[in-house]
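J.: What would the 3D arrangement of this be:
(2 chains)
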Amino acid sequence: MLTRVRPRRGDPGLTAFALLALGLYVLFIIVPVVMSGWKSLTDENPIMAQSHFIGFANYTQMTHDDALAASLSFTLVMAGAVTIIANAAGIGFAILLNKTSLSFRMMRTVAFLPQVLSGVIVGFVWRYILAQDGILNHVLLALRIIGTPISWLGSPHLAMFSVGLVAAWVLTGFTTVVHLAALQSIPVELYQAATVDGAGRWQQFRRITFPMIAPGTTISVTISLITMLKLYDIIAALTGGGPAYATQSTALYIINLAFTDDRFGYASAVAMLLLAISAVIGLSVTTLLRRREVDL
Amino acid sequence: MTTLTSQRRSAPPTAAPVARRRRPWTSRGRLVAAALLTLAFVSPIYLTIVNAFKTQDQIIQNPEAPPAPPTLRNLSDALSRPDHIVQIGLGNSALTVVASLVLIIPLGAVFSFWLTRRSALFRRIVLAVFAAGLMIPPAVVLLPTIKILTFLHLDHSYPGLILANVGGGYLSFAVFVYSGFLRSVPAEIVEAAAIDGASPLRIWWKIVMPLLRPATATVAIFLSLWIWNDFMNPQFILGPLHGQTITTGLYLSLGQYSTNYAQLFGIMLLAAVIPVAGYLAVQKQFIAGLTTGSTK
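T.: Numbering: from 1, shown residues only, chains lettered A, B, ... in the order given. Take a look at the predicted model:
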């Protein structure tokens, strides 16, 4: 263990280098958070010459901001639903692809591809697929599943569904690969023993596979949630937050408040709220899933 | 009923063959199912590729058909635009990725090595603070980050963008990967070097860095992908007037050509080809890096 080594004498060169790294991190993560906290108590706006300390007025205002409520419920529902769907799909997909022959290895390679593309490309490709005259309607019409083209991105409810679909698609690439690795760590003997004991497929999944991939699920679920809570680029390219702000994530709302409306103070207050929500969800879910790993 | 159950219970040898016969698919069936599902899953990527080689008419009439005959017109159009948005974007993105990595890798590695030489309590606190960097949504720190860069006279510039990359959540990721990896480095190696009179900085460079090569590969692979695909930081830190990275350039041109699909797919293919080729080239290390920690 390297961590047992105690410094025998001063190591100024190393310390200087390390403090530079620490300083940069403080400057670009810690200081911005503190600045956000401070600005959230002001009415700062680049149009005005001076900003004033206004106490918790921004926070009071948040309680009757309908746009904020809508963006929060959209973000949280998306985070929950997409995390569950992407992880369930990822586990299923991983089990299906968990073979070592060449064709399965190739499938595994391409299954990760959605993760390699930038959110901007993903958003635009799907915008093309989901357009009124897009390929999805084209196919559904040809198969006579629908009679008239559906406006996947044009109506608020369907647009929310579409954002969820696209986000789940991207995340499934990730959850599949993580769960595949977790599956490969399960000893084959466990399944052999279970088969001898007469356990069926479902029982083997329930009693062996699912508990044994728990460490993978912990990572996969946590990262899915974090990704969804910061979701910005896919939405910017797919819907721009519309129609009628139906798909405006909280991250997008903060950006709009800050860079379109120039309401720096209020944007900072919403940023602090998103930070608090991310911290609470991130920490509690990680703790819960870690405990579950032990229990299973 | 009762007799049947008891009969089954008393005759375990038949249980296994029954279970085997009930398996829902044979291995060929599984291959077909996996192939169909994988094809459906990556169909958006297939569309991006085939439509990049089709004319606008071909795209509208037969969006899902392979390009027959294929055309290179979209790619040459994208590359011969008077604003050179593709070439400039690729160049700027490459510059940003390389400069960010050249700074993050040594800083992250030195910092993690330095941490191993501090007390356990100090190390734990610092790592917890760095974990926050992975969870904080970038939208939360964006506005203050721009303020800080303005204060340093680095706003709307590549040095500013690179500095924000180096100090932000990416550094957290590097520190986590390196710290995890350093735990498995035997203390004796470093102790021996210290007895021989090597300075800590020299030990880091001559001994620790070569040992950390797999961790460096993980950090380099993931950070290049994330920084290459990043959209929010270049969009706001760089701003529209200071050249484009490939993601912001793509976003801009997609806004201009919203119905000229042939042109759009040409640009998208050119924007995607580098990360996808990179992924396919190093996919083994990629998956290995992704899945460390998902298995125990």
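J.: how about the most centrally placed residue in chain A, phi and psi?
T.: Centroid check for chain A by C-alpha atoms, centre = their mean gives residue A:227 as the closest residue, at 1.9 Å. Dihedral pair for residue A:227: phi -60, psi -40, per degrees, to the nearest 10.
J.: The nearest residue to it once chain neighbours are set aside and residue B:185, how far apart?
T.: Nearest residue to residue A:227, sequence neighbours excluded (C-beta to C-beta, 6 or more residues apart in numbering or on different chains): residue A:171, at 6.4 Å. To be clear about C-beta, it is placed using only N, CA and C from the backbone, and glycine gets the same treatment. Taking C-beta to C-beta, to the nearest Å as the measure, residue A:171 falls 33 Å from residue B:185.
J.: one step back: residues touching the residue nearest to residue A:227, list them.
T.: Applying C-beta atoms under 8 Å, 6 or more residues apart in numbering or on different chains, we find residue A:171 in contact with A:82, A:83, A:86, A:90, A:224, A:227, A:228.
J.: In what element of secondary structure is the closest residue to the fifth one other than its chain neighbours found?
T.: Once flanking residues are discounted, residue A:224 sits nearest to residue A:83: 4.3 Å by C-beta to C-beta, 6+ apart. For residue A:83, the element it lies in under DSSP states H and E is helix A:66-97.
J.: after the one helix or strand residue A:23 maps to comes which helix or strand?
T.: Element membership of residue A:23 [criterion: DSSP H and E] is helix A:12-25. Using DSSP H and E, the helix or strand that follows helix A:12-25 towards the C-terminus is helix A:31-39.
J.: elements contacting that next one?
T.: Judged by 3 or more C-beta pairs under 8 Å, 6 or more residues apart in numbering or on different chains; DSSP states H and E, the packing partners of helix A:31-39 are helix A:264-295, helix B:138-151.
J.: Could you identify which of the ones you listed is most buried?
T.: For those, the largest average neighbour count (mean count of other C-beta atoms under 10 Å in any protein chain shown) is found in helix B:138-151, namely a mean of 21.
J.: Just after that helix, pick out the following helix or strand.
T.: Next element after helix B:138-151 (DSSP H and E): helix B:158-167.
J.: now check that next one, is it near chain A?
T.: Yes: residues of helix B:158-167 contacting chain A under C-beta under 8 Å from any C-beta of the partner chain: B:163, B:164, B:166, B:167.
J.: Quick check: of the residues you listed, which has the highest neighbour count?
T.: residue B:167 (28 neighbours; other C-beta atoms under 10 Å in any protein chain shown).
J.: Tell me how many other residues crowd the closest residue to that residue other than its chain neighbours.
T.: With sequence-adjacent residues excluded and distances taken as C-beta to C-beta, 6+ apart, residue B:167 is closest to residue A:28, at 3.1 Å. Residues lying near residue A:28 (other C-beta under 10 Å) number 24.
J.: ok, residue A:28 - contacts?
T.: B:141, B:145, B:148, B:163, B:164, B:166, B:167, B:168.
J.: any idea how far residue A:44 is from it?
T.: Applying C-beta to C-beta to residue A:28 and residue A:44 gives a distance of 20 Å.
J.: burial count for the spatially closest residue to residue A:140 that is not a sequence neighbour?
T.: Leaving aside its chain neighbours, residue A:140 sits nearest to residue A:146 (4.6 Å; criterion: C-beta to C-beta, 6+ apart). Burial of residue A:146 is recorded as 12 neighbouring residues (other C-beta under 10 Å).
J.: Residue A:146 and residue A:137 touch, don't they?
T.: Yes: counting by C-beta atoms under 8 Å, residue A:146 touches residue A:137, with 7.2 Å between them.
J.: burial measure for residue A:34, as a count.
T.: Residue A:34 has 12 nearby residues by other C-beta under 10 Å.
J.: If I look at it, what pLDDT would I see?
T.: pLDDT for residue A:34: 93.
J.: Could you find the closest non-adjacent residue to residue A:180?
T.: For residue A:180, ignoring the flanking residues on the chain, the nearest one in space by C-beta to C-beta, 6+ apart is residue A:94 at 4.4 Å.
J.: Give me the distance between that neighbour and chain B.
T.: As judged by C-beta to the nearest C-beta, to the nearest Å, residue A:94 and chain B stand 11 Å apart.
J.: quick one: contacts for that residue?
T.: Residue A:94 touches A:175, A:176, A:177, A:179, A:180, A:182, A:183, counting by C-beta under 8 Å, 6+ apart.
J.: mind running it again at 6 Å?
T.: Going by C-beta atoms under 6 Å, 6 or more residues apart in numbering or on different chains, residue A:94 touches A:176, A:179, A:180, A:183.
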